[in-house]
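Participant: Structural data only, the sequence is not supplied:
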């Protein structure tokens with residue numbers, strides 16, 4: 001029995017949608033919409049099912065992105081992408097893991113919807129400009145210009161230096177020690193001068209309402225916050241989130257937050273703390289991502 005192409009490429013379709021939208025719930029909606037459209041297609045007319053399905057999912061994600069921007073304006077506090085529990089094997093695909101990192105997803109949030117679609121499909125998933133033109137409804141020449149501008153925009157905002165998985169793991173271990181003991185000097189020693197903390201509670205859980213910038217301010221914030229955690233029934237677990245090591249924090253045996261770090265040349269330049277319970281449902285069960 002031949003496997004339906006939709007089933008074969010479902011992991012790819014979800015990954016494309018997630019990289020474009022930043023939330024699993026929206027990505028699932030787009031994949032479901034793609035399935036419904038696929039069931040109404042005359043398969044005999046489809047020469048390349050993979051490209052055809054990606055074209056459908058891209059158009060649906062673009063529509064979703066345009067409505068999501070309005071929802072984001074009404075979001076309480078800062079907005080962070082939804083973290084996904086992923087297989088450690090994702091790390092073997094360096095380009096995919098880099099594109100899934102919390103830091104890169106936040107960079108992608110600064111692109112226009114069309115720029116984001118073109119960048120994701122070309123630079124992450126290796127689709128040709130002719131395929132992109134069909135997917136976004138532009139000429140091939142226009143798509144090349146969009147890709148160039150998007151690439152330059154991302155290059156200006158992506159991590160400046162080498163990003164090491166080992167350095168990220170080491171920084172998380174310093175974070176874990178601070179949570180366990182309240183002693184944070186080791187963690188303060190590896191903060192970059194321009195480190196930024198972003199928190200997302202979604203108006204449901206307490207989180208920093210605005211970005212906290214600079215090693216001094218971040219140090220004071222961490223000292224106060226980690227002292228509270230050290231005095232609570234807190235446990236932490238290192239897991240693979242979006243292809244990178246991250247920390248899951250439990251308080252009184254309840255899932256509290258996911259902490260991801262951006263580490264550049266051995267120093268922590270970004271701390272992303274997600275506490276919104278509506279975005280933590282995908283952190284307990286592994287999600288299949290592929291390209």
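Facilitator: Done, it's in. Remember, predicted model here, so these are calculated numbers, not experimental data. Numbers count the residues shown, from 1 in each chain.

Participant: rest of the way, CA atoms for contacts and neighbours
Facilitator: Noted.

Participant: Can you tell me how far residue 116 is from residue 105?
Facilitator: Residue 116 is 10 Å from residue 105, where distance means C-alpha to C-alpha, to the nearest Å.

Participant: neighbour-wise, which of the two wins?
Facilitator: Legend: neighbour count by other C-alpha atoms under 10 Å for residue 116 and residue 105, higher for residue 116 (25 against 22).

Participant: do you know how far the more buried one is from residue 78?
Facilitator: 20 Å.

Participant: cool, and residue 54?
Facilitator: Distance of residue 54 to residue 78, given as C-alpha to C-alpha: 30 Å.

Participant: Over to residue 158?
Facilitator: Distance from residue 158 to residue 78, counting by C-alpha to C-alpha: 19 Å.

Participant: Between those two, which is the more surrounded one?
Facilitator: Legend: neighbour count by other C-alpha under 10 Å for residue 158 and residue 78, higher for residue 78 (18 against 14).

Participant: Can you tell me, leaving aside adjacent residues, what's nearest to the more buried one?
Facilitator: Distance criterion C-alpha to C-alpha, 6 or more residues apart in numbering; nearest residue to residue 78, sequence neighbours excluded, is residue 200 at 5.3 Å.

Participant: pLDDT value on that neighbour, please?
Facilitator: Looking at residue 200, its pLDDT is 97.

Participant: Let's verify residue 149: helix, strand, or coil?
Facilitator: helix (DSSP: H, G, I helix; E, B strand; the rest coil).

Participant: Neighbours of the residue nearest to it when sequence neighbours are not counted, how many?
Facilitator: Spatial nearest neighbour of residue 149, chain neighbours left out: residue 115 (7.9 Å); criterion: C-alpha to C-alpha, 6+ apart. Using other C-alpha under 10 Å, residue 115 has 23 other residues around it.

Participant: tell me what the one helix or strand residue 115 maps to is packed against?
Facilitator: Using DSSP states H and E, residue 115 falls within helix 113-119. Contacts defined by 3 or more C-alpha pairs under 8 Å, 6 or more residues apart in numbering; DSSP states H and E place helix 113-119 against helix 10-21, helix 49-73, helix 129-136, helix 140-157.

Participant: In TSV, list those helices along with distance to residue 42, mean neighbour count and mean pLDDT.
Facilitator: Shown next, in TSV, are the helices and strands packed on helix 113-119 (distance: least, C-alpha to C-alpha, whole Å; neighbours: other C-alpha atoms under 10 Å; pLDDT from 0 to 100):
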stretch	distance to residue 42	mean neighbour count	mean pLDDT
helix 10-21	19	25	96
helix 49-73	11	18	89
helix 129-136	18	19	93
helix 140-157	26	16	94
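
Participant: Quick one: the ones you listed as CSV, columns for distance to residue 240 too.
Facilitator: Converted to CSV, the helices and strands packed on helix 113-119 look like this (distance: least, C-alpha to C-alpha, whole Å):
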stretch, distance to residue 240
helix 10-21, 16
helix 49-73, 26
helix 129-136, 31
helix 140-157, 24
